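**Student:** got a predicted model here, sequence first, then my questions.
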Amino acid sequence: MSATPENPASPENPVAARESTFAALRDQLHEAAATFAGGPDALEDILLGMVDDVDRAVREPLEIFPVCHHSPASALAMARRLREKQPKVVYLELCEDMAPLLTELRNCRLPVAVQAFASEVEGFPPEWAPLSVVAPITEASAEYQAIAYALDTPGVELVLVDRSSDHVFQWDSRGERAPEPAEEGTDGAGGADHETALHGEAVGVEIGDLRPRFAELEEHLLRHGKVRHWSEWWHQYVELPLGDGDHETYRQVMLLIGSLFRRLAPGDASRVRVDEDRERYMWTRMREHLAATGTDPEDCLYVCGAFHAASRVEEFGVHGTGTFEISPRSATTWQYGLIPSSHAAIEAQFGLAAGSVSIAATEWAKSLRRTRVRPYRLEGQAGTKKSRAKQTAVPAVSAVAAVPAATDKLSGFLRRPPVLDPLDEAELLGWSVDIVRAARRNGYLASTADAIAVFETSILLAGMRDRAKPTPYDFQDAAVTCIEKDAVPGRRDVRRLVEIMMGGDRIGQVGYDSLPPLARDVHDRLEPLGLKLQQRGVRRALLDMASRPELRACSDVLWMLRRLLPQGAARTVMGERGLGERSIQESWDLALGTHQRALIELGYEGVSIEQVLEQRLRRAAYAPQATAATVLEAVEDATLYLGGRRLADELGTRALEVLASERSVDGAPEVLRRVRRLLGYYRTSEPVLPPWIESFVKAGYAHYCTLLPTAFTDEDATVGQVAAMLGFLFSMESLALSLGCDRAQLELAVAQSHPEDPSKTALLWAAQVQLGTLSREQLRARCDELLANPLVVPAYPRYLSGFVHALEPVPGLADVVVEAVSNAFGRLPDAVLLPWLPTLISTLRSGAADLAPLLIREAGRIFPARLAALDAWVPPWRAPAPAPVRRAGRAAEEIRRGAALPAAYPAAFDAVAELLGCEDGWAPAAVPAAPAGVALLPAYPATCDAVAELLGCEDGWAPAGPPPAGGAALLSRHPESATALESLLANG
């Protein structure tokens with residue numbers, strides 16, 4: 001690696017300038033390389049190259065200010081430099097398309113994140129959607145100091161120069177996405193919670209990502225620094241020494257660290273290319289701005305990460321020679337806004353140690369008190385004190401005063417021994433007392449002795465790690481060692497308690513004025529509730545629409561928010577809403593402040609929640625993977641939340657199209673449930689059914705008839721899906737036939753079905769019973785045959801599973817199913833039943849749990865209700881046939897009427913008796929009267945007249961008296977007609 005930069009900072013003899021400034025440091029590094037490496041080699045090139053990088057950046061006419069993200073030392077140095085230099089233009093390493101949002105920061109409580117969001121993508125792979133980029137901002141950061149100075153100081157321009165959010169994903173597509181840094185120190189913080197997920201799955205961009213990319217280097221630094229993770233090393237060896245340093249020392253040390261990490265970075269070609277392209281992008285934008293405005297580079301300040309400050313690309317500097325062509329953005333439409341952030345979310349996003357950002361915020365406050373530096377804060381910033389003095393315009397600063405001669409500060413800093421801070425016993429003692437108090441409140445059995453032990457152990461650990469003053473990390477380790485037990489008694493462990501005590505997880509909030517129009521509209525419409533919904537936490541809302549009808553509008557908004565926001569944002573405690581159902585009283589638990597990010601992201605999709613809901617329903621219905629069930633769900637939601645028929649009819653037509661294109665039965669159960677609900681709703685609330693649902697029933701009848709034979713034999717189709725198909729066909733049959741369908745389609749489909757699976761075979765038998773091609777007696781006989789066959793008994797639970805599923809299309813078979821289960825328990829021996837019983841239970845539980853209540857109700861109707869009656873109880877299917885009951889005696893003259901005809905044609909009269917539902921049977925032979933069928937004729941004269949009219953007899957009834965009268969006389973005088981009647985009744 002060459003030690004000479006590609007592009008000198010000064011066009012005039014840069015070698016001589018470098019030798020004059022860092023000559024002593026070069027000689028020392030040359031001697032060190034020769035001593036350690038035994039001669040000139042790559043080590044000398046790296047060490048001298050680092051000096052060249054520092055010298056090059058220091059001599060750049062446009063002052064470069066290197067920073068590290070969320071670093072109190074960087075923020076403190078930035079505040080000092082801004083008050084000294086008073087630049088007129090501040091170039092900031094941040095996505096250039098986020099600039100309009102920065103003025104809204106004054107309405108927020110930090111930390112917050114600037115977000116770019118795109119729900120629909122063009123020019124990117126569809127599976128990447130939605131796209132999201134966030135840039136978190138905290139008060140203890142250099143970028144916030146620069147933003148506050150530029151926005152509140154008249155005459156100062158803030159220019160964002162980093163790649164746009166669109167280019168973040170454009171350049172990401174050229175190679176695999178860079179792996180996220182491994183999170184440090186997760187042993188005490190537990191799993192991810194809501195605070196760590198405030199950024200969602202967004203891609204994080206930060207100013208000053210400064211961490212070794214060479215794993216061996218980081219391991220070496222942690223081991224010799226006697227620390228556990230990188231955040232602790234940075235705090236101990238960079239933050240504390242640079243906290244009180246002057247500007248040039250801070251600047252040169254940060255440039256040296258950036259150059260070191262850059263030159264020792266592994267050869268990841270894609271990541272190096274992206275870093276260099278970002279540097280080319282930023283320098284190109286800065287040169288374009290300087291050329292367009294004519295600003296003197298001496299009046300500008302370039303704030304970027306130390307890694308990028310040590311750049312070696314050709315475009316580096318205002319006199320760079322390279323030309324970089326910036327590609328156009330894609331056609332993706334980006335939405336921008338502010339979302340709440342938190343210290344835990346920042347740590348999780350960028351792989352920092354748990355609690356490190358909170359400790360940095362604490363160190364920032366202590367540094368301000370110690371150094372008395374006045375930081376910059378946006379005027380009216382929520383959560384901060386009002387500024388004492390109003391910012392004035394930038395005064396004219398001479399070039400000589402603005403850019404002093406560069407001097408070598410590195411040599412003295414590197415030779416200086418570390419300054420050991422004296423022990424602050426009062427501070428450490430206060431920490432020890434506070435952590436014991438917090439531990440006792442959280443269930444730990446801590447005492448004063450534990451506070452003393454924590455105090456002494458902190459000093460001991462600091463001494464073992466070569467420092468006189470215990471750091472917050474030393475104190476955290478000591479507290480865990482002395483207080484933590486085998487189990488955590490509460491929700492928080494000791495490590496988390498220390499983090500809370502050191503400042504806690506500060507969570508930001510976006511102010512009302514900075515919210516998108518949709519979020520403001522939601523808060524305005526919920527104003528009648530009288531709750532502070534912008535605050536974090538759960539708020540209980542009680543809605544009594546009977547006494548306050550104006551709350552119905554609030555109820556509508558809450559139900560839509562429940563549909564759109566994550567679970568927990570709007571949770572109903574009491575009340576429900578279904579098709580045709582509305583509660584008169586409701587109770588809600590609302591946490592809109594906690595889920596503010598989700599509400600803000602809704603604002604990227606539309607200006608009202610009704611518009612967003614309609615867009616989402618359309619998107620779900622017209623998605624390539626949409627099924628008939630999902631489209632029907634969209635129809636139901638449109639009817640339930642939006643009302644009206646326009647959208648529901650449109651989506652219903654779409655459901656019809658999707659159903660016609662489906663070739664599987666995976667969604668049949670869901671289709672059946674939703675169509676039943678929609679039919680029930682429209683039949684009770686509309687005068688006529690919508691045309692689309694009539695067409696859906698008609699098309700679904702033909703569709704499922706076509707797929708039924710294949711579904712019975714398809715191994716991928718479950719018995720529940722086939723049962724749902726039959727349920728659709730049988731329950732919608734009357735409506736489908738009235739719309740012009742043919743029942744022969746269903747009969748042919750069932751006749752062509754030949755399943756091999758036992759559960760589907762039982763389902764087919766139930767369908768045949770429903771169609772009338774199989775009687776109940778034949779079904780019972782088949783069940784008996786299954787129990788009598790030892791080879792089939794192990795598969796009998798699967799037959800029962802099919803019978804239970806058959807209750808969906810044929811609920812009238814409940815008594816047969818109860819009989820089948822009872823016969824199994826009654827006939828099978830224990831040796832067979834006991835091993836078979838777990839299989840039966842697991843089969844019914846997994847495959848027919850929702851149908852079990854119907855089976856249980858039928859069993860409760862059949863079985864005796866009391867235990868004492870069980871011994872004498874006889875199952876209905878085993879009870880003997882009822883004995884024939886003799887009919888009451890009749891007058892002799894009535895018995896003798898037509899006696900000759902019934903005796904001559906007994907079959908015909910048996911058929912007539914069966915047709916009329918008479919089960920008394922024939923009278924005993926001892927009675928001298930004709931068979932009892934003759935008694936039907938005078939008992940039912942209208943029926944006899946109808947038979948006489950059918951046979952063409954016009955004689956009428958005989959006069960009253962002993963001779964046979966009525967239809968009996970007609971039949972006795974016309975024996976050929978009696979023969980024809982007998983033949984007609986015998987043939988059905």
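**Tutor:** Received the coordinates, thanks.
**Student:** okay, now Glu96: neighbour count?
**Tutor:** A count of nearby residues for Glu96, using other Cβ atoms under 10 Å, gives 17. Backbone N, C-alpha and C define where each C-beta goes, glycine included.
**Student:** for it, which non-adjacent residue is closest in space?
**Tutor:** Leu160 (4.4 Å; Cβ to Cβ, 6 or more residues apart in numbering).
**Student:** spatially central residue in the chain, please.
**Tutor:** In the chain, the centroid-proximal residue (Cα atoms, centre = their mean) is Pro566; its distance is 6.9 Å.
**Student:** hang on, the earlier thing: looks to me like the residue nearest to Glu96 is in a helix.
**Tutor:** No. Looking at Leu160 with DSSP: H, G, I helix; E, B strand; the rest coil, it is strand, so not inside a helix.
**Student:** beta partners of it?
**Tutor:** With DSSP bridges applied, Leu160 shows beta-bridge pairing to Leu92.
**Student:** wait, it sits on Cys95?
**Tutor:** Yes. Assessed by Cβ atoms under 8 Å, Leu160 is found in contact with Cys95 at 6.5 Å.
**Student:** could you pull out the helices in the stretch 151-300 of the chain for me?
**Tutor:** Using DSSP state H, counting those that start in this stretch, the helices of the stretch 151-300 of the chain run over residues 165-172, 215-225, 230-234, 240-242, 247-263, 269-293.
**Student:** and the first one, what does it pack against?
**Tutor:** I take that to be helix 165-172. Using 3 or more Cβ pairs under 8 Å, 6 or more residues apart in numbering; DSSP states H and E, the elements in contact with helix 165-172 are strand 131-137, strand 203-204, helix 269-293.
**Student:** can you check the third one too?
**Tutor:** Contact analysis of helix 230-234 by 3+ Cβ pairs under 8 Å, 6+ apart lists helix 215-225 as its packing neighbours.
**Student:** what packs against the helix it packs on?
**Tutor:** helix 230-234.
**Student:** quick one: contacts for the residue nearest to the centre of the chain?
**Tutor:** Residues in contact with Pro566 (Cβ atoms under 8 Å, 6 or more residues apart in numbering) are 595, 598.
**Student:** re the thing from before, compile the helices and strands packed on helix 165-172 into a markdown table and extend it with columns for mean neighbour count, mean pLDDT and distance to Ala344.
**Tutor:** Below are the helices and strands packed on helix 165-172 laid out as a markdown table (neighbours: other Cβ atoms under 10 Å; pLDDT from 0 to 100; distance: least, Cβ to Cβ, whole Å):
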| stretch | mean neighbour count | mean pLDDT | distance to Ala344 |
| --- | --- | --- | --- |
| strand 131-137 | 25 | 88 | 11 |
| strand 203-204 | 19 | 64 | 14 |
| helix 269-293 | 17 | 87 | 27 |
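**Student:** can you tell which of these is closest to Gln721?
**Tutor:** strand 131-137 (37.2 Å; Cβ to Cβ).
**Student:** so how far is the host helix or strand of Ala438 from its chain's centroid?
**Tutor:** If you go by DSSP states H and E, Ala438 is part of helix 425-441. Offset of helix 425-441 from its chain centre (Cα atoms, centre = their mean, to the nearest Å): 40 Å.
**Student:** what do you get for stretch 750-759?
**Tutor:** 40 Å.
**Student:** quick one: end-to-end length of that stretch, please.
**Tutor:** 15 Å (Cα to Cα, to the nearest Å).
**Student:** that older thread, out of the helices of the stretch 151-300 of the chain, which comes closest to Val769?
**Tutor:** Of the helices of the stretch 151-300 of the chain, nearest to Val769 by Cβ to Cβ is helix 165-172, at 60.5 Å.
**Student:** got the angle for that closest one vs strand 131-137?
**Tutor:** 110 degrees (axes from the mean of the first three to the mean of the last three Cα atoms, to 10 degrees).
**Student:** what's helix 165-172 in contact with?
**Tutor:** Contacts of helix 165-172 (Cβ under 8 Å, 6+ apart): 95, 97-98, 116, 123-124, 128, 131, 133, 163, 203, 205, 274, 277, 281, 327, 329-330, 332, 334.
**Student:** one more: stretch 94-103?
**Tutor:** So stretch 94-103 is contacted by 114, 116, 133, 135, 143, 147, 151, 158-166, 168, 205, 207, 285, 334, 336-338 (Cβ under 8 Å, 6+ apart).
**Student:** let's see it at 6 Å
**Tutor:** Applying Cβ atoms under 6 Å, 6 or more residues apart in numbering, the contact partners of stretch 94-103 are 114, 135, 147, 160, 162, 164-165, 336.
**Student:** wait, a helix at Asp815?
**Tutor:** Yes. Assignment of Asp815 by three-state DSSP places it within a helix.
**Student:** tell me how many other residues crowd it.
**Tutor:** Neighbours around Asp815, by other Cβ under 10 Å: 15.
**Student:** show me the contacts for it.
**Tutor:** Asp815 makes contacts with Glu858, as judged by Cβ under 6 Å, 6+ apart.
**Student:** against Ala591, how distant is it?
**Tutor:** 51 Å (Cβ to Cβ, to the nearest Å).
**Student:** ok, now Arg571?
**Tutor:** Counting by Cβ to Cβ, the gap from Arg571 to Ala591 is 8 Å.
**Student:** higher neighbour count, these two?
**Tutor:** Applying other Cβ under 10 Å to Arg571 and Ala591 shows that Ala591 carries more neighbours, namely 20 against 14.
**Student:** not counting its neighbours along the chain, what's nearest that one?
**Tutor:** Closest residue in space to Ala591, ignoring its immediate chain neighbours: Val538 at 5.0 Å, by Cβ to Cβ, 6+ apart.
**Student:** ok, Leu590 next?
**Tutor:** Per Cβ to Cβ, 6+ apart, closest to Leu590 is Arg539, 4.8 Å.
**Student:** ok, back up a step: to Asp742, which of the helices of the stretch 151-300 of the chain lies closest?
**Tutor:** helix 165-172 (55.6 Å).
**Student:** just the buried ones from the contacts of helix 165-172?
**Tutor:** The neighbour-count criterion (16 or more other Cβ atoms under 10 Å) marks 95, 97-98, 116, 124, 131, 133, 163, 203, 205, 274, 277, 281, 330, 332, 334 among the contacts of helix 165-172 as buried.
**Student:** quick one, what contacts Leu656?
**Tutor:** Leu656 sits next to 695-696, 699 when contact means Cβ under 6 Å, 6+ apart.
**Student:** which one among those residues gets closest to Glu636?
**Tutor:** Using Cβ to Cβ, the contacts of Leu656 come closest to Glu636 at Phe696, 13.1 Å.
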